[in-house]
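Novice: the sequence and its predicted three-dimensional model are supplied below.
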Amino acid sequence: MKYRRIFALLFVLILSLTACGREQVPPGNGPLDQDKKIPGKGAINTPTEDGGASGSAASEGAAAWLSVEGGKVLDDLREGAQADGCICSVAFLGAALESGEDIAAFLASEEAEQYLDAYPFIKEIPPERWIAHPEGGYEVYCIVPTDPKASTAVNTWDINEDNDFLGESDQVLYRSDCGDPILLLGNLSDIMPSLDVEIVDSTGRSLSYQPSLWLYDGSLSGPSEIFDFTMYHNPDLIGIWSAVIPAELGGGISLNLNIGRGGNLTYSYGRGNSEPIALYEGTWSRPDEAMVQFGPECVVFELCLVEGIEDNDLWGQYGPGELHDEICGVWICERGDGPGTSSLRLTHVQGDPFIDGCGGWAIVFEGEDQGGDNGGMEQGANVNPHVLTTGGPAFTHMTVLQTENYPDGGYYYEDMTQDGSILIINCAYPGGRRNGVSMEEYAVKSIEHLTMYEAEDLSVEKNSGYSEALGHPVYILTYTTSENDHTFHWKIFMTEADGYTYLYAFDVWHEVYADMEDVIDDVFGRLFFLEM
């Protein structure tokens, strides 16, 4: 099964609100009393234009909790945001993925260290200004209003049928009459933001903002009123890279690296364009003191095997490539760029090489869609304007197995129920059927993106109801696969739109499939294109 791994994801949420002219908002799943107005854009109590008593109190409150160093850095940040005409500054601090991790645990992690060192006011933000979504989340943000007298509110942000999937504020989580920095924990989905930040400064200028990341390169998404102070890992490394090692016989060996912001990494290798022999996931980082002898341009890759083919023919008649459970090594990295090209030269200096027989080698990777001022996308590169979605998770308490967003606009999301009986894959990739190929034939070809196992009892049928609702031809595929003496039932929603192919697939244990068919059909009936 593709990428099937189970991580326990449990967040302990801290939500306590006090002080600085703020209304204390009790945690819970429902809105405030009906008599209380849920603040929307421009609906927060705003300090008077001349400051007044409330403005003075807010200013004094904002300074009381800061150290001298933290206050100076905060002032400098606000000056930079003001010079750019921004109403607030925002940083994506990182992902909280450990079991039971809350904001406190995240701040104690190595991932947070660079921010605590560079922006010491962050570690001085008191817990009453830590705001977590009631249902948890995976992303941690810092929000700093430019005006210390600004009014600030944080609400849950709901996207559903009731609001035509446009999104709206709901439960109030935090409200303050002073513009102190706050920390947020939210976003269960890469696609759908879950928190809404409302800011009104002392001049009356307002902003409604839902913190999230761009699907294409993981950078901060936001309007021009946002000053981004995210500390991105070396952007020269970020991207999708590929290289070919000449094999003695039978063609070259392809190596593929996807180096993401935040230190995430995937790596695969195989013969030519055939199915990858091994897929790894892990992290990349700069070397610690023990490896400093290799210089500041070194990078450390730590990878774990996700999926591999033991009986492979990597090196032709010279034998197969041995699969390793882990690849942990150090490489010297050098960027090279020319007209219309980009390259990354990686020289192995310590630990495990990328592949057996390549220890000490220098391998030159070529970049895909690198450079430019448009978030890592080349001019003219494909941009997928849509995501196929139900407007939220298909089920509650799902385990996230994989989230991949590609520079060509494609994506691959994979989630599993806690008992492992149901796997859901939502993916898209550029391209469509060629002339002379029927839609049914193309639909059959598309399942190669979902499983490496042979499809049995395959059925393909156009569904007129789904097609009419979506505005594009929809085909439903059903088949079974046999894996380790166990049978799995697949049911897939497949469509094409604007040069992309979209698949929304259920992979279900044989024992529970009969009870799930109606549920799957209901999910398919709720799918729509969310414009990004």
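Specialist: Yep, it's here.

Novice: show the end-to-end separation of stretch 406-413, please.
Specialist: This stretch, stretch 406-413, spans 11 Å end to end (C-alpha to C-alpha, to the nearest Å).

Novice: tell me, how many residues neighbour Asp84?
Specialist: A count of nearby residues for Asp84, using other C-beta atoms under 10 Å, gives 14. Every residue, glycine included, has its C-beta placed from N, CA and C.

Novice: residues contacting it?
Specialist: If you count contacts by C-beta atoms under 8 Å, 6 or more residues apart in numbering, Asp84 has them with Phe227.

Novice: roughly how far does it sit from Gly252?
Specialist: As judged by C-beta to C-beta, to the nearest Å, Asp84 and Gly252 stand 48 Å apart.

Novice: how close does the nearest residue to Trp214 once chain neighbours are set aside get to Gly282?
Specialist: With sequence-adjacent residues excluded and distances taken as C-beta to C-beta, 6 or more residues apart in numbering, Trp214 is closest to Ser221, at 4.8 Å. Going from Ser221 to Gly282 by C-beta to C-beta gives 25 Å.

Novice: before we move on, the earlier item: state the distance from the residue nearest to Trp214 to Asp352.
Specialist: To Asp352, Ser221 is 36 Å away according to C-beta to C-beta.

Novice: surely the residue nearest to Trp214 touches Ser212?
Specialist: Yes. Taking contacts as C-beta atoms under 8 Å, Ser221 lies within contact range of Ser212: 4.9 Å.

Novice: average pLDDT across stretch 145-153?
Specialist: For stretch 145-153, the mean per-residue pLDDT is 95.

Novice: quick one: end-to-end distance for it.
Specialist: This stretch, stretch 145-153, spans 11 Å end to end (C-alpha to C-alpha).

Novice: list the buried ones in that stretch?
Specialist: Using 16 or more other C-beta atoms under 10 Å as the test for burial, stretch 145-153 gives 145-153.

Novice: where does pLDDT dip in the stretch 351-500 of the chain?
Specialist: Along the stretch 351-500 of the chain, the model assigns pLDDT under 70 to residues 368-385, 392-394, 396-397, 407-408, 431-437, 452.

Novice: tell me the pLDDT of the residue nearest to Trp214.
Specialist: 81.

Novice: swap in Asp337?
Specialist: Asp337 carries a pLDDT value of 56.

Novice: quick one, helices of the stretch 1-150 of the chain?
Specialist: In the stretch 1-150 of the chain, the helices defined using DSSP state H, counting those that start in this stretch lie at 52-64, 68-83, 103-107, 110-118.

Novice: buried sites along the longest one?
Specialist: Neighbour-count burial for helix 68-83, with 16+ other C-beta under 10 Å as criterion, is recorded at 70-71, 73-74, 77-78, 81.

Novice: partners of the strand or helix carrying Glu461, with directions?
Specialist: Taking DSSP states H and E as the criterion, Glu461 maps to strand 456-462. Strand pairing for strand 456-462, using DSSP bridges, gives strand 474-483 (antiparallel).

Novice: in the partner strand, what counts as buried?
Specialist: Buried residues in strand 474-483, counting neighbours by 16+ other C-beta under 10 Å, are found at 474-481.

Novice: hang on, the earlier thing: distance to Glu334 for the buried residues of stretch 145-153 - can I get that in JSON lines?
Specialist: Formatted as JSON lines, those follow (distance: C-beta to C-beta, whole Å):
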{"residue": "Pro145", "distance to Glu334": "42"}
{"residue": "Thr146", "distance to Glu334": "39"}
{"residue": "Asp147", "distance to Glu334": "44"}
{"residue": "Pro148", "distance to Glu334": "45"}
{"residue": "Lys149", "distance to Glu334": "49"}
{"residue": "Ala150", "distance to Glu334": "45"}
{"residue": "Ser151", "distance to Glu334": "50"}
{"residue": "Thr152", "distance to Glu334": "45"}
{"residue": "Ala153", "distance to Glu334": "48"}
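
Novice: what about these, which are in strands?
Specialist: In this view, the buried residues of stretch 145-153 that belong to strands under DSSP state E are 145, 151-153.

Novice: closest to Glu302 among those?
Specialist: When these are compared for distance to Glu302 (C-beta to C-beta), Pro145 comes out closest, at 38.1 Å.

Novice: wait, that closest one sits on Val154?
Specialist: No. When contacts are counted by C-beta under 8 Å, Pro145 is not listed as touching Val154 (11.8 Å).

Novice: might you report the residue contacts of Tyr429?
Specialist: When contacts are counted by C-beta under 8 Å, 6+ apart, Tyr429 touches 408, 410, 449, 500-501.

Novice: can we see that at 6 Å?
Specialist: Neighbour list for Tyr429: 410, 501 [criterion: C-beta atoms under 6 Å, 6 or more residues apart in numbering].

Novice: confirm that it sits in a helix.
Specialist: No. Using DSSP: H, G, I helix; E, B strand; the rest coil, the secondary structure at Tyr429 is strand, not a helix.

Novice: give me the beta-bridge partners of it?
Specialist: Per DSSP bridges, the residues bridged to Tyr429 are Thr501.

Novice: what's around the residue nearest to Trp214, how many residues?
Specialist: Using other C-beta under 10 Å, Ser221 has 20 neighbouring residues.

Novice: and it, how close does it get to Cys358?
Specialist: 38 Å.

Novice: tell me which of the buried residues of strand 474-483 is nearest to Leu265?
Specialist: Thr481 (29.1 Å).

Novice: name the residues linked to the closest one by a beta bridge.
Specialist: With DSSP bridges as the criterion, Thr481 is bridged to Phe488.

Novice: wait, isn't it in contact with His489?
Specialist: No. Counting by C-beta atoms under 6 Å, His489 is not a contact partner of Thr481; they are 8.5 Å apart.

Novice: what helix or strand does Thr399 sit in?
Specialist: Assigned by DSSP H and E, Thr399 falls in strand 398-405.

Novice: and the host helix or strand of Val444, what's buried?
Specialist: Here Val444, judged by DSSP H and E, is contained in helix 439-446. By neighbour count on 16+ other C-beta under 10 Å, the buried set for helix 439-446 is 439, 442-444, 446.

Novice: of all the residues in stretch 219-231, which ones are buried?
Specialist: Buried positions in stretch 219-231, judged by neighbour count with 16+ other C-beta under 10 Å: 219-222, 225-230.

Novice: closest to Asp521 out of those residues?
Specialist: Relative to Asp521, the closest of the buried residues of stretch 219-231 is Ser221; by C-beta to C-beta it sits at 33.3 Å.

Novice: for that closest one, what are its contacts?
Specialist: 212-214.

Novice: that older thread, of the buried residues of helix 439-446, just say which sits nearest to Asp177.
Specialist: Of all these, Asp177 sits closest to Ser446, with 54.4 Å by C-beta to C-beta.

Novice: could you measure from the closest one over to Thr495?
Specialist: Going from Ser446 to Thr495 by C-beta to C-beta gives 10 Å.
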